[in-house]
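Asker: here is a sequence together with a model predicted from it:
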Amino acid sequence: MQFFEVKTKLEAEELIRICPEVIAIDTEYVPGDPRTTRLLSIICADEDRAWIISPSLLPMLTPMLRARKLIFMQDYNRCDTIILNSNGCDLRNTYCLNLIDMHHLIDETKDHSLEARVWETFQDDYKTRLKGQYQDLEYQGKDGIYTYKLGMQDLKQLEVLHKLELLEHVRRTSNALIDTSINGILVDVQLMERTKQEMSGKINEYLPKLREEFKDACTSWELKEWQRQIDKRSTDRGKSGVKRPQFSFASDKQIAWLLYEYLELPVTERTKKRNPSTSYEALKSLSERHGGLQTLVEYKETKSIYSTFVEGMLDRVQDDRIYPNFNVSGTDTGRISHSNPNMANLPTDGVIRQFFIPTPGYSIIGADYTQLEVVVEANLTRDPNLLRIIKEGVSKHDITAQGLEIDRNTAKTLNFALQYGAGKGKIAKILNVSKQQAEDIYERYWKLYSGVRVLKEQTNKILEETGEVTNLFGRTRHFSKPKNEYELAKQQRQAYNFLIQGVAGDACNRAYWRFRADLKKSELGRGLFTVHDEIIAEVKNGHCESWKEHLEFIMEAVSEHLNFEFPLTAKAYGPLKAWSKT
């Protein structure tokens, strides 16, 4: 391997003369926000040469870099692209492939970091040996060279796997979203500040009410904790100086004690560390069994929204804009993950979505797919009752209730339970029936949805034989050998859901990058982002209605790409002066 420093105009001119058409690019920078951080160096490399370039020469080299035929980048959350763009080197119109996205398409279960991949493939430990020495010539040069080598290797493997079309889809999706990461979304800072004040006051109003509702529990905890603290002291003076503690509803540990020890409620959800969960979702589920938790649920929801989507979002505002990140390889199914903030988790009710506003002179438009996952599943299974849902507009809960002659609430519980892989024993427990009754309900249910059952059984067989499943978009999900029946059931559920959810996610992604390209070409607006089955954009005033029609057309046209007999449908909304529930 050869490493060359490029510090002078003469050296830059030589690089322009000899630079290959296919290269890898990497950056070294001071850790921090990629839009504002200091760029330390740019690395340009092929399979055995690396040029470490001074940032001062980037303006001179940018035209050459933009003219390359192909660039490989190890571009987590598009940091390198954003940093280069902030320094005047815009590569968005250059054909770039992201190593993380490529490797994710080959095997989503693997470690995609450069360090892990270099060690696995080349047994080179330079990342460990030179840890922290980011400006070392070998460290920088090898980052670039190995990015090139792995890029070429992955491209060949994706061709063998017949996934080049999928790779292009992922590349276009990522490119369509990077504009929003770079340009940001305008926010109503005054509304955010006002909401912060109002919610802060509301949270404080909950505390005396909660203390009154759980007075006995608070007293019990405080006396026990007080005694525990006293017992830890060895002298009478120390013991007498211990002040009585106060129960805090801001403490997850103390709320866990209240729920699971004092009230003796069942643990229905656990954290990653296997502790009983005190999340809003867990509390909401428990409140359905224990009527006295409603105020606590409201407090937890308000506090969660306040800290995550009000206070947390205000901290991210720069020049009245939010600059979110989108990771097209952030999930196993192919759905996009969001961060800074997580746009997918914004509450649909209330004021939070209204923080996001269009550029002056523009309005927000958008569209949602109608029952996207149901339509995908109906096309895959040809299940008669799923087809009734999309053709007649009937509810699955009503179909189940009528077919099994049970009430709608029980049918709803049953639908969700079986969707998440519940067996006959679980059904008996959920419905509080005998094992024989549960077996009868289970069999009758799957006769009702016979098409779904057939596809599930086919998927289970493929999973057992190959350890992987591939969906309509050509995306593959891999599974390790299950250790027990519980893990097998989990994998079977995930494999089937991947066939539905993965296709639904990529259907929305495909519609987004196609629509965004048309809108950008018109110079009448821009795509903003996707959330679940929804696409959001901003369009110049006076042109919204025609672009709403075009958005619906583009979203529904994905049916042709998937050869769906039963087409996808979408419903547009807007124009709006703020993003809101539709």
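Answerer: Arrived safely, thanks for sending.

Asker: SS state for the residue lying closest to M60 once chain neighbours are set aside?
Answerer: Leaving aside its sequence neighbours, M60 sits nearest to A12 (C-beta to C-beta, 6 or more residues apart in numbering; 5.2 Å). All C-beta spots, glycine's among them, are computed from the backbone N, C-alpha and C. Look at A12: counting by DSSP: H, G, I helix; E, B strand; the rest coil, its state is helix.

Asker: burial count for A12?
Answerer: For A12, the count of nearby residues is 21 (other C-beta atoms under 10 Å).

Asker: quick check: it touching F4?
Answerer: No. Counting by C-beta atoms under 8 Å, A12 sits too far from F4 to count as a contact (11.2 Å).

Asker: in the longest helix seen in the chain, what counts as buried?
Answerer: Within the chain, and with DSSP state H defining each element, the longest helix by residue count is helix 485-522. Buried residues in helix 485-522, counting neighbours by 16 or more other C-beta atoms under 10 Å, are found at 488-489, 491-516, 518-519.

Asker: how about the helices in the stretch 201-350 of the chain?
Answerer: 215-231, 236-240, 252-256, 280-287, 294-305, 312-314 (DSSP state H, counting those that start in this stretch).

Asker: these: which one's closest to L40?
Answerer: Comparing these against L40 with C-beta to C-beta, the closest turns out to be helix 312-314 (29.5 Å).

Asker: and for the closest one, what are the contacting residues?
Answerer: 187, 189, 192-193, 196, 322, 341, 355 (C-beta atoms under 8 Å, 6 or more residues apart in numbering).

Asker: check which residues of that helix are buried.
Answerer: 313-314.

Asker: cool, stretch 575-582 as well?
Answerer: Buried residues in stretch 575-582, counted by 16+ other C-beta under 10 Å: 575-576, 578-580.

Asker: same deal with stretch 386-401?
Answerer: 386-390, 396-397, 399-401.

Asker: correct me, but I554 touches A511?
Answerer: Yes. The criterion here is C-beta under 8 Å, and I554 meets it with A511 at 5.2 Å.

Asker: tell me how many other residues crowd the nearest residue to T27 once chain neighbours are set aside.
Answerer: Among residues not flanking T27 along the chain, D80 sits closest, at 4.9 Å (C-beta to C-beta, 6+ apart). If you count neighbours by other C-beta under 10 Å, D80 ends up with 23.

Asker: repeat that for S234.
Answerer: S234 has 8 nearby residues by other C-beta under 10 Å.

Asker: so for stretch 445-461, mean pLDDT?
Answerer: Regarding stretch 445-461, the rounded mean pLDDT is 94.

Asker: what residues does that stretch touch?
Answerer: 377, 380-386, 399-400, 403-404, 414, 418, 469, 492, 495-496, 499.

Asker: re earlier: and the next element down the chain from the longest helix of the chain?
Answerer: strand 525-531 (DSSP states H and E).

Asker: so which of the helices of the stretch 201-350 of the chain gets nearest S546?
Answerer: Per C-beta to C-beta, nearest to S546 of these: helix 312-314, 32.6 Å.

Asker: now intersect the contacts of stretch 445-461 with the helices, please.
Answerer: Those of these lying in helices (DSSP H): 377, 380-381, 384-386, 399-400, 403-404, 414, 418, 492, 495-496, 499.

Asker: care to break the chain down by domain?
Answerer: 2-161, 189-314, 324-373+503-576, 375-473 (automatic domain parsing).

Asker: residue closest to the middle of the chain?
Answerer: By C-alpha atoms, centre = their mean, the mean C-alpha position of the chain lies nearest to S337, the distance being 2.0 Å.

Asker: list the contacts of the least confident helix or strand in the chain by mean pLDDT.
Answerer: Within the chain, confidence by mean pLDDT, DSSP states H and E is lowest for helix 424-431 among all helices and strands, at a mean of 80. Residues from elsewhere that reach helix 424-431, judged by C-beta under 8 Å, 6+ apart: 410, 413-414, 417-418, 422, 433-435, 437-439, 441-442.

Asker: and the next element down the chain from it?
Answerer: The first helix or strand that comes after helix 424-431 along the chain, using DSSP H and E, is helix 435-448.

Asker: quick one: that following helix to helix 424-431, angle?
Answerer: 100 degrees (axes from the mean of the first three to the mean of the last three C-alpha atoms, to 10 degrees).

Asker: return the alpha-carbon coordinates of helix 435-448 using PDB.
Answerer: Extracted as PDB, the C-alpha positions of helix 435-448 are listed here (Å, rounded to 0.1, in the frame of the first residue of the first chain):
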ATOM      1  CA  LYS A 435     -57.200 -26.000  26.300                       C
ATOM      2  CA  GLN A 436     -59.800 -27.900  24.200                       C
ATOM      3  CA  GLN A 437     -61.700 -24.600  23.600                       C
ATOM      4  CA  ALA A 438     -58.500 -22.800  22.700                       C
ATOM      5  CA  GLU A 439     -57.600 -25.500  20.200                       C
ATOM      6  CA  ASP A 440     -61.100 -25.300  18.600                       C
ATOM      7  CA  ILE A 441     -60.900 -21.400  18.400                       C
ATOM      8  CA  TYR A 442     -57.400 -21.700  16.900                       C
ATOM      9  CA  GLU A 443     -58.400 -24.100  14.100                       C
ATOM     10  CA  ARG A 444     -61.600 -22.200  13.300                       C
ATOM     11  CA  TYR A 445     -59.600 -18.900  13.200                       C
ATOM     12  CA  TRP A 446     -57.100 -20.300  10.600                       C
ATOM     13  CA  LYS A 447     -59.900 -21.700   8.500                       C
ATOM     14  CA  LEU A 448     -61.300 -18.200   8.500                       C
END
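
Asker: please save the CA atoms from stretch 375-382 in PDB.
Answerer: Provided in PDB are the C-alpha atoms of stretch 375-382 (Å, rounded to 0.1, in the frame of the first residue of the first chain):
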ATOM      1  CA  VAL A 375     -53.200  -4.800   0.600                       C
ATOM      2  CA  VAL A 376     -49.700  -6.300   0.500                       C
ATOM      3  CA  GLU A 377     -50.800  -9.400   2.500                       C
ATOM      4  CA  ALA A 378     -53.900  -9.800   0.400                       C
ATOM      5  CA  ASN A 379     -51.900  -9.800  -2.800                       C
ATOM      6  CA  LEU A 380     -49.500 -12.400  -1.400                       C
ATOM      7  CA  THR A 381     -52.100 -14.700   0.100                       C
ATOM      8  CA  ARG A 382     -55.300 -14.200  -2.000                       C
END
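
Asker: contacts for it, please.
Answerer: For stretch 375-382, contacts defined as C-beta under 8 Å, 6+ apart pick out 369, 383, 386-387, 389-390, 451-452, 454-455, 472, 499-500, 503-504, 507, 562, 564-569.

Asker: how does it look with 6 Å?
Answerer: The contact list for stretch 375-382 (C-beta atoms under 6 Å, 6 or more residues apart in numbering) reads 386-387, 390, 451-452, 455, 500, 503-504, 564, 566, 568.

Asker: dump the residues you listed to CSV, plus distance to E165.
Answerer: Listed next are the contacts of stretch 375-382 as CSV, based on distance: C-beta to C-beta, whole Å:
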residue, distance to E165
L386, 28
L387, 29
I390, 27
G451, 28
V452, 28
L455, 24
I500, 21
V503, 15
A504, 19
F564, 18
F566, 23
L568, 20
